[in-house]
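1. got a sequence here, can you build the structure:
(chains A and B)
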Amino acid sequence: MTKPIAVRFAPSPTGPLHIGGVRTALYNYLFARQHGGRLLLRIEDTDQGRLVEGAENYIQQSLAWLGIRFDEGVAEGGPHGPYRQSERAALGMYQQYADQLLASGWAYYAFDSGDELEAMRDRLQKEEASIQGYNAHTRGSMLNSFTLSPEEVQERVARGDSYVIRFNMPADLDIEFQDIVRGTVSFHSSQLDDKVLLKAGGMPTYHLANVVDDHLMEISHVIRGEEWLSSTPLHVMLYRALGWEDTMPAFVHLPLILNPNGQGKMSKRTGDKLGFSVFPCTWQDPESGNVSVGYREQGYFPEAMINFLALLGWNPGDEEEIMDRDRLIERFRLERINQSPTNFNLDKLKWFNEQYLRTQTEEAELVRQLAAAAKAEGFDNLGESQLQGVVRLMRERVSFVHEMISQGRFLLEAPESYDEAMKAKQWKEQTGEWMLALANAWEEVATWELMALEAATEAWAAGAGIGKGKIMAPLRLALTGVSGGPGVMDIAAFLGKPETLARLRKAAHSLG
RNA sequence: GUCCCGUUCGUCUAGGGGUUAGGACUCCAGAUUUUCAUUCUGGCAACAGGGGUUCAAUUCCCCUACGGGAUACCA
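-> Next up is the predicted model:
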């Protein structure tokens, strides 16, 4: 079986895509790229009632941010379109297969009302039946092709009664299939029910649409979350009933991503409670207006996000952890995906971001990003060399580009106040005089750069008989107003002579 | 309830019949840095429990517990 590699990511636009969905998309992407296969984006919007405005657009944007590009899809087009299931349904693409199933006896009409279905469930619940649902045991007592005469069925359909088409699940059959992550998985058909294939109104359910589309789009591997594992036997039966079992795609069910505390599948709800984001990009709910801040807006690099996500449920088998996009594409293997659910770990994600900030990103790129971040903070005419200086001084001590500004503000503007605790501890009687004297000594430094500054300071301190330890800390306070940060001499070199001397003299005055 | 999937340091994980059970994050300590951070070195810390099989089980099998998923005219 050598079917060309083709995979799809098929989200439902019922809300913003969350991190678990992003990982599913990523695994599909990595697999497709590694094999030179097709990657498509299909929108599963068969439940028109649950559509959320802006969700589809959000999905596209988020994936674009992460650099997950599609070969075919709602935006890209392609030979298997349309790629929105509601449009495919309008074209009658599902109806014909439902009819085929009806004709071959694999499906049947059912006319039960919602109340009747509910009554059936209540009854089964009371009886404590071990197997619940609309199935071989119960369909004989419901309103459908099994209990109605063919004439009456035809009449009801013809007169426009509301009906659904259900799958005729065999009563006693072992259904076995292979999953690349889990091996052989088997279910007994008696545990399954007669799922609705075509809803009243003619829209297909997920199950029918999914199987038909994967077949028509020539999908070779279905890579999706574990929540779909229990519906896979139905899908297998559908492929069989439709006569497509020979070309049925391979199944890959990914372990779920749990909340950081391990309590349940990751959700926006617990995210809010525990204070972490579950969305790649910021999302504003159109109904409530509530805003959920995304990872992009928090300052995470897409590359760091991808690296982190790739390792959530998969690993290459050795100790390599920092892998860029190309490396991931090269090393990714479906066979090495884990079977057990995984906790979402913020600390590790932050660490990845720091790694990308320190060692995986070109300085020029950081400069570009810093310029944007600075602009957002009101610093809009910083020169290239100034930005470069900030990057060099700050990249090893922050987690995000924007922190170079919040934590290195003194590099861009003179301090307006001085840290009280540090002042009390470091600024003594004579300190002000020393600072003025040092400023005068620095006045003579011809080439304003690190080595010359250090030498000049060394010479001045020796001449004045003052230990260097007595002046470094106050010098830092005078220049930055705070206690931590890059080397004092580095800061002075970066600031330039006029600015440095001005700050020194100002501090001597205001600190006494 | 029933079915399905799972269970190695706090977290992400490697491993696999005989290992000092390895790495990463977090945390702690030391070195470097006259600050902070980086970097480096070291440390704490795990095979869910019970039965088998076997000379030997964390590894294979069964049971239990626990976790998760599914049981919709939602995906």
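2. where does chain A get nearest to RNA strand B, which residue?
-> At 2.0 Å from RNA strand B, A:Lys468 is the closest residue in chain A, using C-beta to the nearest atom of the strand. C-beta here means a position set from N, CA and C on the backbone, and glycine is covered the same way.
3. can you pull out the strands in the stretch 301-450 of chain A?
-> Counting by DSSP state E, counting those that start in this stretch, one finds strands in the stretch 301-450 of chain A at the ranges A:342-343.
4. got the residues of it near RNA strand B?
-> Proximity of the stretch 301-450 of chain A to RNA strand B (C-beta under 7 Å from any atom of the strand) is limited to residues A:311-313, A:315, A:317-319, A:321, A:336, A:338-343, A:345, A:347-348, A:351, A:358, A:396-397.
5. the residues you listed, buried ones only, as a ChimeraX selection?
-> A single ChimeraX command selects the buried members of these (16 or more other C-beta atoms under 10 Å):
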select /A:311,312,313,315,341,342,397
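6. elements contacting the helix or strand bottoming out on mean pLDDT in chain A?
-> Every helix and strand in chain A was compared by mean pLDDT, DSSP states H and E; the lowest is helix A:268-274, with a mean of 86. Packing contacts for helix A:268-274, counted by 3 or more C-beta pairs under 8 Å, 6 or more residues apart in numbering; DSSP states H and E, involve strand A:291-292.
7. name every strand pairing with the strand it packs on and say which way it goes.
-> Strand A:291-292 has the following strand partners under DSSP bridges: strand A:283-284 (antiparallel).
8. average pLDDT across the partner strand?
-> Averaged across strand A:283-284, pLDDT comes to 96.
9. so how far is that strand from its chain's centroid?
-> Relative to the mean C-alpha coordinate of its chain, strand A:283-284 is positioned 14 Å out (C-alpha atoms, centre = their mean, to the nearest Å).
10. repeat that for stretch A:268-287.
-> On C-alpha atoms, centre = their mean, the centre of stretch A:268-287 falls 12 Å from the chain's centre.
11. could you tell me the end-to-end distance of it?
-> End-to-end distance for stretch A:268-287: 16 Å, by C-alpha to C-alpha, to the nearest Å.
12. list the buried residues of it.
-> Buried, per 16+ other C-beta under 10 Å, within stretch A:268-287: A:Lys268, A:Thr270, A:Gly271, A:Phe276, A:Ser277, A:Val278, A:Phe279, A:Pro280, A:Cys281, A:Thr282, A:Trp283.
13. among these, which are within reach of RNA strand B?
-> Among these, proximity to RNA strand B is found for none (C-beta under 7 Å from any atom of the strand).
14. ok, longest helix in chain A?
-> For chain A, the longest helix by residue count, based on DSSP state H, is helix A:19-35.
15. and that helix, what does it pack onto?
-> Checking 3+ C-beta pairs under 8 Å, 6+ apart, helix A:19-35 ends up next to strand A:6-9, strand A:38-41, helix A:55-65, strand A:221-225, strand A:250-254, strand A:257-258, helix A:302-310, helix A:325-331.
16. which of the ones you listed sits most buried?
-> Ranked by mean neighbour count, those are led by strand A:6-9 with a mean of 26 (mean count of other C-beta atoms under 10 Å).
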